[in-house]
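Q: generate coordinates for the sequence data below:
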Amino acid sequence: MTALAVSAPAPATSAPPPELVCPAGSLPALKAAVDHGADCVYLGFRDATNARNFAGLNFDDAAIATGIRYAHARGRKVLVALNTYPQAGGVALWRRAVDRAADMGVDAVIMADPGLMQYTVTHHPSLRLHLSVQGSATHADAINFYHAQFGVARAVLPRVLSLTQVEQLVGKTPVEIEVFGFGSLCVMVEGRCALSSYVTGEAPNTHGVCSPPKAVRWTETPKGLESRLSGVLIDRYGPGENAGYPTLCKGRFDVGGVHDDGYYAIEEPTSLNTLALLPQLMAMGVRAIKIEGRQRSPAYVAQVTQAWREAIDHCRANPHRYTPKSDWMATLGAVAEGQQQTLGAYHRPWK
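A: The predicted structure is shown next:
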């Protein structure tokens, strides 16, 4: 786990503060984000057009209309994630989703598929486009291509770049840059994960979820609570141990007898937390900071949003004396995946 204490130069006071972009997996979560200081909320429809296609989450037309009214009445923006990839013969669902978003008056759509971007530009030219993290654009040339071809106004960077690489990229594109500030990490380069498809037959970038609920099973056994994905044992939990949603990348496995009780062979659960880097992110001109977690509860959204709102406002008002407050870190630590936090790829002490 990477240390979170990092010294940082003060940001230029003339630079606008970054927008705080918060998750909304439900209408209560949307309201929690808005009420606790989000500048933008992002959400998805109840189908495979978004990458958090979990049962019980997301928005139907009535809920999204209510959410848009609630956010706009308070001066906040609503972004719709249409960030999976249409497959041959199934494009109509994604195109209808674009039409729905445009008709409802959302502030932007978040996309990864170039064909869907072309449809949007052709049929809804005034609809603002954001390049999804699922597009895996990590180079200025890639981002500038999307800007030139489709008028993309903002790009969400994958969580694989160092802070120096982010800074260099910001200076080479007119496109607004959005980075992840807090939330669960993925072992894959976003937009390139097909791991779960080997077990479930459904890839997250086409079906919207890496562990489809229909493939998930929980079973109490004499050895403990077991979670399985399409029959594959992902993890086993002892009495009182917190059980996470089963994904292949964060399962505990027996690998060559190295650990008889299993261990995190691919990735250990942990959450990215960049509060310590906030002055640098603001100084380099990052225009938005995203909080991960559309699958999380409204309480999670409220707590994380409030902590980040206070941090951004504090850094803006006191750039020379900013340091993350202990209560912010405690709040985020309590809801971090695995109760662990890291700076991830942003901090590379070996370089």
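Q: residue 121 belongs to a helix, doesn't it?
A: Yes: assigned with DSSP: H, G, I helix; E, B strand; the rest coil, residue 121 falls within a helix.
Q: let me know the pLDDT of it.
A: Per-residue pLDDT puts residue 121 at 98.
Q: and the helix or strand where residue 217 lies, what's buried?
A: Residue 217 is located in strand 216-221, with elements delineated by DSSP states H and E. Buried positions in strand 216-221, judged by neighbour count with 16 or more other CB atoms under 10 Å: residue 216. For every residue, glycine as well, the C-beta is placed using N, CA and C.
Q: now do stretch 48-67
A: Buried, per 16+ other CB under 10 Å, within stretch 48-67: 48-54, 57-59, 63-64, 67.
Q: any idea of the mean pLDDT in the strand holding residue 217?
A: Here the average pLDDT along strand 216-221 is 91.
Q: same for that strand, what does it pack against?
A: strand 224-229 (3 or more CB pairs under 8 Å, 6 or more residues apart in numbering; DSSP states H and E).
Q: give the partner strands of the strand holding residue 217 in its sheet and their orientations.
A: strand 224-229 (antiparallel) (DSSP bridges).
Q: got a list of contacts for the strand it pairs with?
A: Here strand 224-229 makes contact (CB atoms under 8 Å, 6 or more residues apart in numbering) with 196, 199-200, 211, 215-220, 233-239, 241, 243, 245-248.
Q: now swap in stretch 46-59 and tell me
A: So stretch 46-59 is contacted by 25-27, 43-45, 60, 67, 80-84, 93-94, 97, 132, 134, 204-209, 213, 294-295 (CB under 8 Å, 6+ apart).
Q: just the buried subset of those residues, written out for PyMOL, thanks.
A: If you want just the buried ones from the contacts of stretch 46-59 in PyMOL, going by 16+ other CB under 10 Å, the selection is:
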select buried, resi 25+26+27+43+44+45+67+80+81+82+83+84+94+97+132+134+204+205+207+208+209+294+295
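Q: sorry, back to before: okay if I get the buried residues of stretch 48-67 as a markdown table plus distance to residue 138, pLDDT and secondary structure?
A: Written out in a markdown table, the entries for the buried residues of stretch 48-67 read as follows (distance: CB to CB, whole Å; pLDDT from 0 to 100; DSSP: H, G, I helix; E, B strand; the rest coil):
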| residue | distance to residue 138 | pLDDT | secondary structure |
| --- | --- | --- | --- |
| 48 | 25 | 90 | coil |
| 49 | 24 | 93 | coil |
| 50 | 22 | 91 | coil |
| 51 | 18 | 87 | coil |
| 52 | 22 | 87 | coil |
| 53 | 25 | 82 | coil |
| 54 | 27 | 82 | coil |
| 57 | 28 | 89 | coil |
| 58 | 28 | 93 | coil |
| 59 | 30 | 95 | strand |
| 63 | 34 | 97 | helix |
| 64 | 31 | 96 | helix |
| 67 | 32 | 98 | helix |
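Q: on that earlier part again, mind checking which of the contacts of strand 224-229 land in strands?
A: 216, 217, 218, 219, 220, 233, 234, 235, 236, 237 (DSSP state E).
Q: and for residue 199, the neighbour number?
A: 17 (other CB atoms under 10 Å).
Q: hmm, it is touching residue 246, no?
A: No: the criterion here is CB atoms under 8 Å, and residue 199 misses it with residue 246 at 10.1 Å.
Q: returning to what we had before: and the ones in strands among the contacts of strand 224-229, which is closest to residue 127?
A: residue 216 (35.1 Å; CB to CB).
Q: quickly list what the closest one is bridged to.
A: Beta bridges link residue 216 to residue 229, judged by DSSP bridges.
Q: list the contacts for it?
A: Contacts here follow CB under 8 Å, 6+ apart; on that basis residue 216 touches 227, 228, 229, 245, 246.
Q: do a quick rundown of the helices in this structure.
A: Applying DSSP state H to the chain gives helices spanning 27-35, 61-73, 91-104, 114-123, 140-150, 163-170, 197-200, 204-207, 278-283, 298-317, 326-335.
Q: mind showing which ranges of the stretch 51-200 of the chain have poor pLDDT?
A: The model of the stretch 51-200 of the chain has pLDDT under 70 over residues 188-189, 191.
Q: rerun that using 80 as the cut-off
A: Along the stretch 51-200 of the chain, the parts satisfying pLDDT under 80 run over 55, 186-194.
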